[in-house]
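Participant: sequence and predicted structure below; questions after.
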Amino acid sequence: MNEAQAILVKALVIEPKSPVTRELRDLLGNVNTQIFFSKEPSPWKMEYRVKQGDALASIAQKLDSSPEAIMRMNNLDSTLIRPGEKLVVPQLNFTITINVPGNRVVLHDSRGFFTQYPIISVQLPPTRRSEIDTKVTTKSFWEDGKPVQAAGGMQNKGAPRIELGHPGYVLYGVGEQRQASTSEIAVSTDDNGQTTNSLDANRPPQGIAMMKEDIADIALLSRKGTPVTIILNQDSSP
């Protein structure tokens, strides 16, 4: 994985305006995310030994992480932890850029680009602003038009949502899934045979639609307070 990461980074540095730049960034983001949630050492995670009185929530708050990301990283089935247990803690120091003209949601860390995901559709409140700065406020899952309790590690069959601190701005998941290239999108059906058109009860009236598995990734890589910049027209697009 580290070798693939190095090859992709080199290709982007040598030819930053290549016709396949978007595809290379998609691939690099996929590799970065796999390394992030693997046991391989990386700058994005640290080891922590559980102390008496610790809880996942307090560890996450202290180390800029989230309980669900720690659970995913350590393959935990519950929030129960014991003193002396060694955990790998991912540090969620990302910023999110929702590039509406570029049709991508991009995550950056202190070193630059980390990963990106395609936007399926956008319906936002009217505004004259070209750019909005906000933050992640809430992460949830919806079934039958109602929020439901998320399972461990933010994995859930419901439709994921990430609420932002600006009214009417929410990222939500629909029933699409990735193909071989993350630049391609194909509509699928749920296990019960429903198409995405039958899942309208879980769609907010306004927001940014993305593939369910992409929103689940972003939910794991973000936490309450993660900075978000929304670019609304081409003039302010990077």
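Facilitator: Looks like it arrived, so ask away.

Participant: drop to CA atoms for contacts and neighbour counts, all remaining ones
Facilitator: OK.

Participant: buried ones in the biggest strand by length in the chain, by neighbour count?
Facilitator: For the chain, the strand reaching the highest residue count under DSSP state E is reported as strand 131-143. By neighbour count on 16 or more other C-alpha atoms under 10 Å, the buried set for strand 131-143 is E131, T134, K135, V136, T137, K139, S140, F141, W142, E143.

Participant: paired strands for the helix or strand that it is followed by, with orientation please.
Facilitator: Following strand 131-143 in sequence order, the next helix or strand is strand 146-148 (DSSP states H and E). Looking at strand 146-148 with DSSP bridges, its partner strands are strand 131-143 (antiparallel).

Participant: what residues are up against T137?
Facilitator: Neighbour list for T137: I162, E163, L164, G165, K224, G225 [criterion: C-alpha atoms under 8 Å, 6 or more residues apart in numbering].

Participant: ok, now how distant is it from T226?
Facilitator: Distance from T137 to T226, counting by C-alpha to C-alpha, to the nearest Å: 8 Å.

Participant: quick revisit: looking at the buried residues of strand 131-143, which gets the smallest pLDDT?
Facilitator: Among the buried residues of strand 131-143, E143 has the lowest pLDDT, at 79.

Participant: how many neighbours does the residue nearest to that residue when sequence neighbours are not counted have?
Facilitator: Distance criterion C-alpha to C-alpha, 6 or more residues apart in numbering; nearest residue to E143, sequence neighbours excluded, is G158 at 5.1 Å. When neighbours are counted by other C-alpha atoms under 10 Å, G158 registers 22.

Participant: pull out the buried residues from the lengthiest helix in the chain.
Facilitator: Using DSSP state H, we find that the single longest helix of the chain is helix 21-36. Buried residues in helix 21-36, counting neighbours by 16+ other C-alpha under 10 Å, are found at 22, 24-33, 35-36.

Participant: a markdown table for these, including pLDDT and distance to Q61?
Facilitator: Formatted as a markdown table, the buried residues of helix 21-36 follow (pLDDT from 0 to 100; distance: C-alpha to C-alpha, whole Å):
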| residue | pLDDT | distance to Q61 |
| --- | --- | --- |
| R22 | 85 | 34 |
| L24 | 88 | 34 |
| R25 | 90 | 30 |
| D26 | 90 | 30 |
| L27 | 91 | 31 |
| L28 | 90 | 29 |
| G29 | 90 | 26 |
| N30 | 91 | 26 |
| V31 | 92 | 27 |
| N32 | 92 | 23 |
| T33 | 92 | 22 |
| I35 | 90 | 23 |
| F36 | 91 | 19 |
